[in-house]
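# Everything below, folded, please.
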Amino acid sequence: MTYVIVYRDEAQKQRQEKLADVGAVSAHAARALGKARLTELHNRHPTRSRRPTCPTMDRFFYDKFLPAVRASSRSHETHASIYRNHVRMALGGRRLDEISQEDILHLHENLCATPVAGGKWKKRSGEYLAATTVKRIMILVRHILNTAISSRRYGILDNPTHVLQLKTVRSVKGKFLTRTQLQALTAAAAESQNANLLDILKVLASTGLRRDNVLKMQWRWFNAERGTLEVPMEEDKAKKGFILHLAAGVVDLLRQRQQDADGLWVFPNPQTGQPYHSCYNAWDTIRRKAGMPNLRMHDLRHTFASMMLDSGADIVDVQHALAHTQLKTTAVYLHLTESRKRTHANAAAQATGVFA
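Down below sits the predicted model:
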């Protein structure tokens, strides 16, 4: 048996130190030794007692990380869902400074072996989480730990997720419509019982705006003289706001609607006077009628970006038009347009002169 003292070091980790064997000194002497040793440790690191205790992953995520994301981006709901479904059970109760590379490797291994089944994924029974999904989860874990490290409050020096390579290859999922397909879609919309759908479709296809920005568009955003649309910070996915310069056709369309406007919204639901949530039924009808049953409204945004590049626009101009905060997000479209590749190939071949 021994006399020991228990204390926390600079990183707030619990430590235990032997003072003496029982019998070698009295209990009274052991207490005196312990008090002297604790005083010595305190004098050596006088700021230690003021360092906050390192929180658990749960506490840090919900008290610090998520509120910060909520204030700067609309992705907080996605982060919360990923964390709740895939991270919390494995790491939620662990202190941040106790999470090791072994814990990260174990989490990654378990995610790779997680089946996709049940609920709306019942048809995919027998499959496992896609590699891209697993990578997205681990990137969130890395982001959380990097945020804790950058605060310099918890004594964490290294991010254990660096044991994994998490670089992603960005890709765009969806359809890219041709001019003929767009004409078929607008022709179907012209026959829709939803009187607003054709104009909504034209604005989506001619601006590259996100669906919610069009459905919730307000007249105060529109500057007819300048031909611009100013999406405010609270309606921007990146929470920054942006100004979009509109094509002449879009400006004319909005001016005509503005003459008969009565209220805040550009495309109000005539039954409620409020913006549409999705106008799904009308959209589903026209996409099936046009022979594209799986088409999404967001595919019009992809189509706009690819057509803008095919028309010779600079990648930076496309970035601004789509309100992307990072150029690498826009750069994925450079690899998707066959006509652009063919044009460059023809130009190069003509430059050589070998087919002259």
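# in the stretch 251-356 of the chain, which segments are predicted with low confidence?
335-344, 347-349, 352-356 (pLDDT under 70).
# show me where it has helices.
Using DSSP state H, counting those that start in this stretch, the helices of the stretch 251-356 of the chain run over residues 280-289, 298-310, 315-322, 327-331, 338-352.
# tell me what the first one is packed against?
Based on contacts counted as 3 or more CB pairs under 8 Å, 6 or more residues apart in numbering; DSSP states H and E, the elements that helix 280-289 packs against are helix 179-190, helix 197-207. Placement of C-beta: from N, CA and C, glycine included.
# Swap in 7 Å and give it another go.
helix 179-190 (3 or more CB pairs under 7 Å, 6 or more residues apart in numbering; DSSP states H and E).
# tell me the mean pLDDT over the longest helix along the chain?
For the chain, the longest helix by residue count, based on DSSP state H, is helix 131-151. The average pLDDT within helix 131-151 is 92.
# Could you list the residues in contact with that helix?
Contact with helix 131-151 is made by 60-61, 65, 79, 82-83, 86-87, 96, 108, 111-112, 154, 156, 159, 161, 164, 166, 168, as judged by CB atoms under 7 Å, 6 or more residues apart in numbering.
# For ChimeraX, write the selection for the buried entries among these.
One line in ChimeraX is enough to select the buried members of the contacts of helix 131-151, burial here meaning 16 or more other CB atoms under 10 Å:
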select :60,61,65,79,82,83,86,87,96,108,111,154,156,159,161,164
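# which regions of the stretch 1-150 of the chain sit below the pLDDT cut-off?
Using pLDDT under 70, the stretch 1-150 of the chain drops low at 10-13, 45-52, 117-126.
# and the longest helix of the chain, how far from the chain's centre?
Helix 131-151 has its C-alpha centroid displaced from the chain centroid by 12 Å (CA atoms, centre = their mean, to the nearest Å).
# Now do the buried residues in it.
133-142, 144-145, 148-149.
# Let me have those in a markdown table, extended by distance to residue 181.
A markdown table is the format used below for the buried residues of helix 131-151 (distance: CB to CB, whole Å):
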| residue | distance to residue 181 |
| --- | --- |
| 133 | 30 |
| 134 | 35 |
| 135 | 33 |
| 136 | 31 |
| 137 | 36 |
| 138 | 38 |
| 139 | 35 |
| 140 | 36 |
| 141 | 41 |
| 142 | 40 |
| 144 | 42 |
| 145 | 45 |
| 148 | 48 |
| 149 | 49 |
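# thinking again about what came up before, tell me which of the helices of the stretch 251-356 of the chain is the most buried.
Ranked by mean neighbour count, these are led by helix 298-310 with a mean of 21 (mean count of other CB atoms under 10 Å).
# Can you tell me which helices and strands that helix packs against?
Using 3+ CB pairs under 7 Å, 6+ apart: helix 298-310 touches helix 197-207, helix 315-322, helix 338-352.
# before we move on, the earlier item: right, so of the helices of the stretch 251-356 of the chain, which gets closest to residue 26?
For residue 26, the closest of these is helix 327-331, at 69.5 Å, according to CB to CB.
# Tell me which residues are up against that closest one.
Everything outside helix 327-331 that qualifies as a contact, by CB under 7 Å, 6+ apart, is 170, 315-316, 318-319, 322, 324.
# Please repeat the previous calculation with a cut-off of 10 Å.
170, 172, 305, 309, 315-322, 324 (CB atoms under 10 Å, 6 or more residues apart in numbering).
# picking that back up, alpha carbons only: can I get the longest helix of the chain in CSV?
Presented in CSV, the C-alpha positions along helix 131-151 are these (Å, rounded to 0.1, in the frame of the first residue of the first chain):
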residue,chain,number,x,y,z
ALA,A,131,-16.8,5.5,-49.6
THR,A,132,-17.8,9.1,-50.4
THR,A,133,-20.3,9.0,-47.5
VAL,A,134,-17.7,7.6,-45.1
LYS,A,135,-15.2,10.2,-46.2
ARG,A,136,-17.7,13.0,-45.6
ILE,A,137,-18.3,11.8,-42.1
MET,A,138,-14.6,11.7,-41.3
ILE,A,139,-14.1,15.1,-42.8
LEU,A,140,-16.7,16.4,-40.3
VAL,A,141,-14.8,14.8,-37.4
ARG,A,142,-11.6,16.4,-38.7
HIS,A,143,-13.4,19.8,-38.9
ILE,A,144,-14.7,19.5,-35.3
LEU,A,145,-11.2,18.7,-34.0
ASN,A,146,-9.5,21.4,-36.0
THR,A,147,-11.9,23.9,-34.6
ALA,A,148,-11.0,22.8,-31.1
ILE,A,149,-7.3,22.9,-31.8
SER,A,150,-7.5,26.4,-33.3
SER,A,151,-9.1,27.7,-30.1
